[in-house]
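S.K.: with the sequence up front, the predicted model follows.
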Amino acid sequence: MQIVCISRGSLSKGGELGERLAHKLGWQCISREQMVEEAIKRGISVGKLETAILKPHIFTERLALEKDHYQAFSTMYLLERMARENTVYHGRAGHLLLPGLDHMLRIRVVADRESRIKSVMQRLNLTREKSRVYVDQVDEDRKRWVKLYFGLDWDDPTSYDLIINLEQMNVDNAATALCSMTQLPDFLPTPSTQRAMQNMLLAARARVALAEHEKTYAGQFIVRADRGVVSVVYKLQQADLAEQVTRVLRGLSGVEQVVCTMARSNILWVQERFDPESDAFKEVVSLARKWDAAVELLRLDPADDDEAETRVIPAAPGIKAHPDVVNRMKPMSRTIMSVHGGIEDDSEEGQDAGADDGGLHKTLAELARIDRSGGGRTVRATGRRLAESVDTRIEYNLLVVGDVFLKKGHAAQTRMANELCGALREKLKAPVVNVEELKQQYLFSPRQFLNLFGFLAASAAFYLAVFTNQQAVLDFTHPESTNAKIIAAVGIFIFVPLIAYLYGNATRLFLKLLRVQ
């Protein structure tokens, strides 16, 4: 189904635009207010939660659980509605609740500050100064809410496909223009985006089920789903909940298998092809064991912007444009050129048992066997779009980027991999390393064994030489002549940093060995 998400500020006419657009297209319209009302009916204290998010000093553990519950419910509510028919949603940042749905049209509506102040003066009967303060405070609260809730900047233009200023444009005319935009091939659903919605919906339903069950409501879980396999990561102190998690989710519609992993941290591993027999797998798993981390796999199926792909995309069901729009719109060919984007591969049949999934499911099965699985999925996107598809609400302790953009030349591959690392680092504010850096920074290699031995041997040789020649050392450091004192000072100036360097490196490598072996 097609999706339009409108991000609106207070008194920006975003709600009016959403309703008008839905009317012209014949789609359903969902507002944030409707979603909040349903959340309250489910027992979620949305008001207290928003107050706590804006004032972190009152954010309790119970409210943290409430936040997870509200996130899962919001995702589930939107996707259940969107699965039935094409949707226009207007609210603060609905598009951030659904990361990775590339066919979603993301719109930001803005209005000039002066007109908003005048609207506040009329609606709330306030003075101009109080209205100005009100507008500024509301804007600041919403920016802070998005920052703390999603870890993103609400005003970042790269988060939107289109920003509309309604200062000069009539709402009806803006809606008419957007009707045409919804028919662009970039925003039509594909089999891959439909699978992504199904996986996201199943994960949200599973998280809500855990939050609403009396025996698992207090657990902090990270839930992922892929083709009926639900992966649940939980904390060490919640080990007694593992059996209950399986019982709660086993009867949930759409769940074929439940994989539970106990972990204190999370590692995200990005790569094009995975192999549980590879050295990279062994290195990532070795680190995950030492960190007690769950490993989430993100398989990159890169969209190739240099090649044109001809696909036949069926007309999206439920599109009924308003009569005054139909006359303005030309029929669009159902054969689309250069269409890329979305989650997983774009094939009509999907990935059956014999299809090549880049070793994803085989590797996930091995991670589940050793109790390190954090779930996995495939994303078809460029580097930055892949970064945007990662859920910022999950705290990753490390991101590992393996072999990516394999079809490119060496120079282009290196450049694009570095750009991907930069985009992930900027988006998630977490350490990002490639596999080679992983060996150097986090694992103990044979070369480091040699370095450790060399530093220890050199340090021992220095100390042995000093302690076996103490009288000679004392004579050298306490000379009588001026020239001898200068030579002694120079010798000490060279000797002390050198021994500190050798001993410091030996100690660093030894501590690293103890930490990871």
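M.R.: Everything's here; your move. Please read these numbers as outputs of a predicted model, since none were measured by experiment.
S.K.: contacts, neighbours, all on C-alpha from now
M.R.: Noted.
S.K.: helix or strand for the residue lying closest to D186 once chain neighbours are set aside, which one?
M.R.: Spatial nearest neighbour of D186, excluding adjacent residues (Cα to Cα, 6 or more residues apart in numbering): H103 at 6.1 Å. Element membership for H103, per DSSP states H and E: none, as it lies in no helix or strand.
S.K.: thinking H103 is in contact with L184, fair?
M.R.: No: in this structure, H103 sits apart from L184 without contact. The criterion is Cα atoms under 8 Å, and the distance is 9.9 Å.
S.K.: quick one, which of those two is more surrounded?
M.R.: Applying other Cα atoms under 10 Å to H103 and L184 shows that H103 carries more neighbours, namely 25 against 13.
S.K.: show the contacting residues for that one.
M.R.: For H103, the contacting residues are 2-3, 186-190, 193, 341-342, by Cα atoms under 8 Å, 6 or more residues apart in numbering.
S.K.: now, the residues you listed that are in helices?
M.R.: Judged by DSSP state H, the subset of those located in helices is T193.
S.K.: shaky segments in the stretch 1-150 of the chain?
M.R.: With pLDDT under 70 as the threshold, the stretch 1-150 of the chain has low-confidence stretches at 53-54, 56-60.
S.K.: would you map the strands across it?
M.R.: Counting by DSSP state E, counting those that start in this stretch, the stretch 1-150 of the chain has these strands, from start to end: 3-8, 28-31, 87-91, 105-110.
S.K.: out of these, the one nearest L166 is which?
M.R.: Taking Cα to Cα, strand 105-110 is the member of those nearest to L166, at 6.6 Å.
S.K.: any idea of the angle the closest one forms with strand 3-8?
M.R.: Between strand 105-110 and strand 3-8, the angle comes out at 20 degrees (axes from the mean of the first three to the mean of the last three Cα atoms, to 10 degrees).
S.K.: contacts for strand 105-110, please.
M.R.: Contacts with strand 105-110, where a contact means Cα under 8 Å, 6+ apart, come from 3-9, 12-14, 95, 159-166, 182, 187.
S.K.: now restrict those residues to buried residues only.
M.R.: If you count burial by 16 or more other Cα atoms under 10 Å, the buried members of the contacts of strand 105-110 come out as 3-9, 12-14, 95, 159-160, 165-166, 182, 187.
S.K.: what number of residues lie near H90?
M.R.: Counted by other Cα under 10 Å, the residues lying close to H90 total 27.
S.K.: that should have said H361, apologies.
M.R.: Considering only other Cα under 10 Å, H361 is surrounded by 18 other residues.
S.K.: surely it forms part of a helix?
M.R.: Yes: with the criterion set as DSSP: H, G, I helix; E, B strand; the rest coil, the secondary structure at H361 is a helix.
S.K.: next one, pLDDT for S333 please.
M.R.: pLDDT recorded at S333 is 37.
S.K.: for the stretch 351-500 of the chain, which segments count as helices?
M.R.: With DSSP state H, counting those that start in this stretch, the ranges of helices along the stretch 351-500 of the chain come out as 360-369, 383-389, 410-428, 435-442, 446-468, 470-477, 482-516.
S.K.: out of the ones you listed, which gets nearest to V400?
M.R.: helix 435-442 (6.5 Å).
S.K.: walk me through the domains of the chain.
M.R.: 3-189, 192-305+342-442, 446-516 (automatic domain parsing).
S.K.: related to what we said a few turns ago, nearest to A111, of the helices of the stretch 351-500 of the chain?
M.R.: Distances from A111 to each of those were compared by Cα to Cα, and the smallest falls on helix 383-389, at 26.1 Å.
S.K.: on that earlier part again, what would the contacts of H103 look like in a markdown table with distance to R81?
M.R.: Written out in a markdown table, the entries for those read as follows (distance: Cα to Cα, whole Å):
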| residue | distance to R81 |
| --- | --- |
| Q2 | 12 |
| I3 | 11 |
| D186 | 22 |
| F187 | 18 |
| L188 | 17 |
| P189 | 16 |
| T190 | 18 |
| T193 | 16 |
| G341 | 23 |
| G342 | 20 |
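S.K.: hmm, back to that, roughly how far does the residue nearest to D186 sit from W27?
M.R.: When distance is defined by Cα to Cα, to the nearest Å, H103 is 16 Å away from W27.
S.K.: same deal with E437?
M.R.: Plainly put, E437 is 50 Å away from W27 if you go by Cα to Cα.
S.K.: give me the more crowded residue out of those two.
M.R.: Each of E437 and W27 had its neighbours counted (other Cα under 10 Å), and the higher figure belongs to W27 (20 against 13).
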